[in-house]
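Asker: Below are the sequence and a predicted model for it; my questions follow.
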Amino acid sequence: MLTLCCALSLATLGPSAALGAEEGADVVPTTFTSTSLQIPSAGIIQFSSPTLADLTGDDIPEIIIGTTRGSDAGLGRGYTPFLVTLRGNNQILWQRELTGPVNSSPSVGDLDGDGAPEIVVTTGGDVEDTKQDGALYVFDKNGNERWHVEMADHYPRDGYGEGAFSTPALCDLEGDGRLEIIWGGWDQRIYVYDADGTARWFGLNRPPNFPVDPGYYNADTIWSSPACADLNADGLKEIVIGADITGGGTLPDGTRTKDGGFLYVFDKDGNALVRRFLPEAIYSSPAIGDLNNDGRMEIAVGTGWFWWNAHGRKDQPYVYVFDTSQVFSGLPYADENKLPFFPGWPQKTALPGFSSPALADLDQDGTLEVIIGAGNPLIYDNNAGMIYVWKHNGQLMPGWPVAPKNESGGDSTIWSSPTVADVDGDGSMEILFSMVWDVHIYNADGQRQNLLKGYYTVSSSPAIGDTNGDGLTDIWIGSSNAVAGQQFGYVWHYSANEGTLGETPWPMFHRTAAHDGCICLNAPAKVEAGQDAILVLKDINDSHSTGSAILHLMNKGGSKAFWGAQLSAAQVATSAPNVTIQPEQGTLAPKQGVDITISIDFSGLEEGIHDLGTLKITSTDEVNSAQSSVLSVPLRVYYGPLTRTFLPTVQR
């Protein structure tokens with residue numbers, strides 16, 4: 001039997017790591033106000049990254065995060081793990097106690113298609129607190145538990161379900177409008193569940209005499225979080241996830257294992273399309289995107305450091321990008337040619353990694369860059385952490401890599417996965433990550449723009465958005481507070497005092513609240529109107545001078561869409577009436593709709609049917625501005641007597 005290979009520990013850095021002044025730091029006009037909020041009775045927040053999602057329906061996202069049971073180093077693990085939801089005004093909306101610590105990020109999506117979001121979170125992912133049951137929980141938007149499922153008690157058999165560090169991905173695998181839940185666990189299983197709590201995969205790849213229980217058996221732990229995308233544009237999504245593997249065993253297909261990791265590609269039914277061996281355990285969560293804008297998707301992923309350490313810290317670390325063009329070929333699923341390296345990859349790094357990549361077009365040339373952290377988790381200072389940025393072809397971007405320092409010149413490994421947004425509204429992207437006690441903001445050219453101070457070690461990914469509706473940037477991250485009470489969990493909130501929030505190509509861990517890890521350019525924003533024509537009826541005997549109609553817009557694509565509406569007036573025999581459109585423009589998240597009100601002033605209009613022109617609605621994909629479309633909807637009015645026996649028809 002293969003054993004749990006990939007243990008992880010985190011040392012908390014003391015107060016001296018965050019004091020002093022760094023020479024040469026850039027001065028930036030954008031300033032931030034920093035506040036911290038204690039989560040009552042909760043343990044510290046370690047690896048759980050904040051998720052931003054609108055739970056209340058007011059178009060302003062809430063902040064959702066998980067806590068552990070731990071306190072500062074040496075003070076034990078006797079506190080309470082919570083799932084916590086906050087408003088942008090630093091007020092707790094609700095918090096729910098969990099049975100195990102949380103080091104994953106909560107995922108949010110409308111699982112069952114009823115128009116209301118659910119929150120999904122895994123528990124138990126703390127190697128220093130394994131005597132707690134690992135599980136996956138599903139809550140409604142108000143914090144009521146829908147259902148949960150416990151992880152298997154696999155190894156060691158101690159009466160506790162193994163933990164889950166993996167963040168669930170919520171993906172519509174079948175294109176039916178319902179989201180499936182995908183995650184991996186330290187119980188060596190990869191799971192797919194339906195919205196109602198029904199397991200989709202049972203006993204896949206299990207060794208002889210193993211029970212037919214839920215999941216796909218990997219024969220070693222899974223730390224990686226899944227990503228999903230439609231890799232061959234057939235309307236069905238594939239699942240990509242990393243895993244660990246220990247040498248000396250035999251898999252059900254007869255393969256003798258070596259120390260390293262597997263990168264899997266599964267179809268919706270659990271068939272392994274690809275099992276790509278890499279010479280390191282894969283803690284990193286894959287990111288999927290069309291890097292070179294050729295219409296095909298690539299997979300970027302880092303690895304880990306377990307075998308690097310076990311083998312004497314001599315193995316060369318790499319970051320990988322893979323070509324997916326052979327995923328559906330007839331090659332054997334474990335053949336490395338089934339998932340070949342993308343040209344220019346892999347790329348060497350000076351240090352191993354834990355970080356997951358972010359993808360973004362930093363130089364606005366229509367292709368995506370790969371951004372990732374690396375570091376030596378066993379030392380502090382002496383360039384222990386680095387951030388890399390490469391072009392799609394593996395060429396380093398000017399100014400990178402960087403070895404970031406805090407104000408006193410100290411550093412540590414980069415546990416954080418980077419996030420990307422235009423935080424000051426100047427049209428250029430910034431890269432954000434956490435290290436030591438601070439959130440670092442770097443320009444695309446590798447120059448540090450800002451350092452947002454905290455008072456405790458930060459290890460997760462900062463989340464960026466407008467969480468109070470003022471148009472300015474808000475940055476959130478979880479931690480503790482060594483000054484105010486280092487035994488408790490704290491959330492840190494950095495509010496911009498000027499500038500605006502610009503584009504957010506990768507604003508949180510694994511990009512979206514559903515954590516699908518994909519810039520899915522083969523599923524661009526697709527804004528559709530709810531009807532083929534607009535007909536406004538107005539009774540000539542009505543004393544009111546105005547009439548109105550509603551046009552419903554829906555974004556049925558996979559990316560956020562920016563839209564605008566205007567009327568292209570037609571030539572009419574009578575004077576054209578005054579037409580107003582409200583709203584005239586806006587933003588639609590995937591699967592989100594909006595009602596547009598078209599109001600018409602009938603004063604002076606002659607009796608009859610009139611063609612007022614065409615309402616043109618332009619939509620642009622947030623991720624790829626080249627993906628744009630124009631909808632044209634005819635606008636007609638009838639002004640005359642309305643009776644039971646006469647209603648004019650509209651040609652379609």
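Answerer: Here it is on my side, so go on. Residues are numbered from 1 along each chain as shown.
Asker: for stretch 581-593, which positions count as buried?
Answerer: 581, 588, 589, 590, 591, 592 (16 or more other CB atoms under 10 Å). For the C-beta atoms, the positions are set from N, CA and C on the backbone; glycine is no exception.
Asker: Tabulate the residues you listed (CSV), appending pLDDT.
Answerer: CSV is the format used below for the buried residues of stretch 581-593 (pLDDT from 0 to 100):
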residue, pLDDT
581, 87
588, 86
589, 80
590, 73
591, 63
592, 76
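Asker: Listing request: residues of the stretch 101-250 of the chain with sub-threshold pLDDT.
Answerer: Along the stretch 101-250 of the chain, the model assigns pLDDT under 70 to no residue.
Asker: Strands of that one, residue ranges please.
Answerer: Shown for the stretch 101-250 of the chain, the strands assigned by DSSP state E, counting those that start in this stretch span residues 107-109, 118-122, 135-140, 145-150, 169-171, 180-184, 189-193, 216-217, 227-229, 238-245.
Asker: right, so of those strands, which gets closest to residue 465?
Answerer: Residue 465 lies closest, by CB to CB, to one member of these: strand 107-109, at 12.7 Å.
Asker: Quick one: mean pLDDT over stretch 565-579.
Answerer: What stretch 565-579 shows for mean pLDDT is 64.
Asker: and if you look at stretch 374-389?
Answerer: 90.
Asker: Would you mind listing the buried residues in it?
Answerer: Counting neighbours by 16+ other CB under 10 Å, stretch 374-389 gives 374, 375, 376, 377, 380, 384, 385, 386, 387, 388, 389 as buried.
Asker: Pick out the most distant pair among the residues you listed.
Answerer: The widest separation within these (CB to CB) is 24.1 Å, between 380 and 389.
Asker: returning to what we had before: pick the one among the buried residues of stretch 581-593 closest to residue 174.
Answerer: residue 591 (15.1 Å).
Asker: Return the residues in contact with the closest residue to residue 382 other than its chain neighbours.
Answerer: Closest residue to residue 382 apart from its sequence neighbours, by CB to CB, 6 or more residues apart in numbering: residue 411 at 7.8 Å. When contacts are counted by CB atoms under 8 Å, 6 or more residues apart in numbering, residue 411 touches 380, 381, 382, 383, 384, 385, 403, 404, 405, 435, 436.
Asker: Mark which of those are part of strands, please.
Answerer: 385, 435 (DSSP state E).
Asker: circling back to that earlier point, of the strands of the stretch 101-250 of the chain, which is nearest residue 364?
Answerer: Per CB to CB, nearest to residue 364 of the strands of the stretch 101-250 of the chain: strand 227-229, 23.2 Å.
Asker: partner strands of that closest one, parallel or antiparallel?
Answerer: Applying DSSP bridges to the sheet, strand 227-229 is found paired with strand 238-245 (antiparallel).
Asker: Return the mean pLDDT over the next helix or strand after the partner strand, rounded to an integer.
Answerer: Remark: after strand 238-245, the chain's next helix or strand is strand 260-266, criterion DSSP states H and E. For strand 260-266, the mean per-residue pLDDT is 98.
Asker: Can I take it that residue 269 is in a helix?
Answerer: No. Counting by DSSP: H, G, I helix; E, B strand; the rest coil, residue 269 falls outside a helix, being coil.
Asker: what's the distance between it and residue 192?
Answerer: Distance from residue 269 to residue 192, counting by CB to CB, to the nearest Å: 9 Å.
Asker: Between those two, point out the one with more neighbours.
Answerer: Legend: neighbour count by other CB atoms under 10 Å for residue 269 and residue 192, higher for residue 192 (24 against 12).
Asker: Roughly how far does the residue nearest to the more buried one when sequence neighbours are not counted sit from residue 268?
Answerer: Nearest residue to residue 192 in three dimensions, chain neighbours excluded: residue 200, at 4.1 Å (CB to CB, 6+ apart). Note on residue 200: its distance to residue 268, by CB to CB, is 8 Å.
Asker: joint contacts of the two?
Answerer: 180, 192.
Asker: higher neighbour count, these two?
Answerer: residue 268 (20 against 17).
Asker: nearest spatial neighbour of that one, skipping sequence neighbours?
Answerer: residue 173 (4.0 Å).
Asker: Test my guess that the one you found contacts residue 228.
Answerer: Yes. Look at residue 173 against residue 228 with CB atoms under 8 Å: they come within range, at 7.1 Å.
Asker: Please identify which of these two sits among more neighbours.
Answerer: Each of residue 173 and residue 228 has its neighbours counted (other CB under 10 Å); residue 228 has more, 27 against 22.
Asker: Now for the residue nearest to the more buried one when sequence neighbours are not counted: which residues touch it?
Answerer: Once flanking residues are discounted, residue 228 sits nearest to residue 171: 3.8 Å by CB to CB, 6+ apart. For residue 171, the contact set (CB under 8 Å, 6+ apart) comprises 179, 180, 182, 226, 228, 237, 239, 514, 516.
Asker: Residue 308 now?
Answerer: 280, 314, 315, 317, 352.
Asker: Go ahead and confirm the first one touches residue 304.
Answerer: Yes. Residue 280 is within contact range of residue 304, at 5.7 Å (criterion: CB under 8 Å).
Asker: Who does the helix or strand encompassing residue 610 pair with, and is each partner parallel or antiparallel?
Answerer: According to DSSP H and E, residue 610 maps onto strand 608-621. Each strand paired with strand 608-621, and its direction, by DSSP bridges: strand 561-569 (antiparallel), strand 628-640 (antiparallel).
Asker: now the very next helix or strand once past the shortest one against strand 608-621, angle please.
Answerer: Tracing the chain past strand 561-569, the next element assigned as helix or strand by DSSP H and E is strand 578-582. For strand 578-582 against strand 608-621, the angle between stretch directions is 30 degrees (axes from the mean of the first three to the mean of the last three CA atoms, to 10 degrees).
Asker: Would you check how far apart residue 601 and residue 565 are?
Answerer: 18 Å.
Asker: And those two? Which one has more around it.
Answerer: Ranked by neighbour count (other CB under 10 Å), residue 601 and residue 565 place residue 565 first, with 22 against 13.
Asker: what about the closest residue to the more buried one other than its chain neighbours, how many neighbours?
Answerer: Nearest non-adjacent residue to residue 565, counting by CB to CB, 6+ apart: residue 617, 4.8 Å away. When neighbours are counted by other CB under 10 Å, residue 617 registers 22.
Asker: Can you name the residues bridging to residue 617?
Answerer: Beta-bridge partners, per DSSP bridges, of residue 617: residue 565, residue 631.
Asker: I'd say it and residue 562 touch.
Answerer: No. Between residue 617 and residue 562 there is no contact, the gap being 11.3 Å when judged by CB under 8 Å.
Asker: I'd say residue 130 and residue 163 touch.
Answerer: Yes. Residue 130 is in contact with residue 163 according to CB under 8 Å; the separation is 6.5 Å.
Asker: coming back round to it: which one of the contacts of residue 411 is nearest residue 510?
Answerer: Looking across the contacts of residue 411 and measuring by CB to CB, the closest to residue 510 is residue 435, at 19.4 Å.
Asker: can you pull the contacts of the closest one?
Answerer: 385, 404, 406, 411, 412, 414, 416, 458.
Asker: pLDDT at it, what is it?
Answerer: With respect to pLDDT, residue 435 has a value of 96.
Asker: how much space between it and residue 631?
Answerer: From residue 435 to residue 631 the distance is 46 Å (CB to CB).
Asker: How about residue 272?
Answerer: Distance check for residue 272 against residue 631: by CB to CB, it reads 41 Å.
Asker: just residue 432 next, same as before
Answerer: If you go by CB to CB, the gap between residue 432 and residue 631 works out to 36 Å.
Asker: Please apply the same query to residue 457.
Answerer: Taken as CB to CB, the span from residue 457 to residue 631 is 50 Å.
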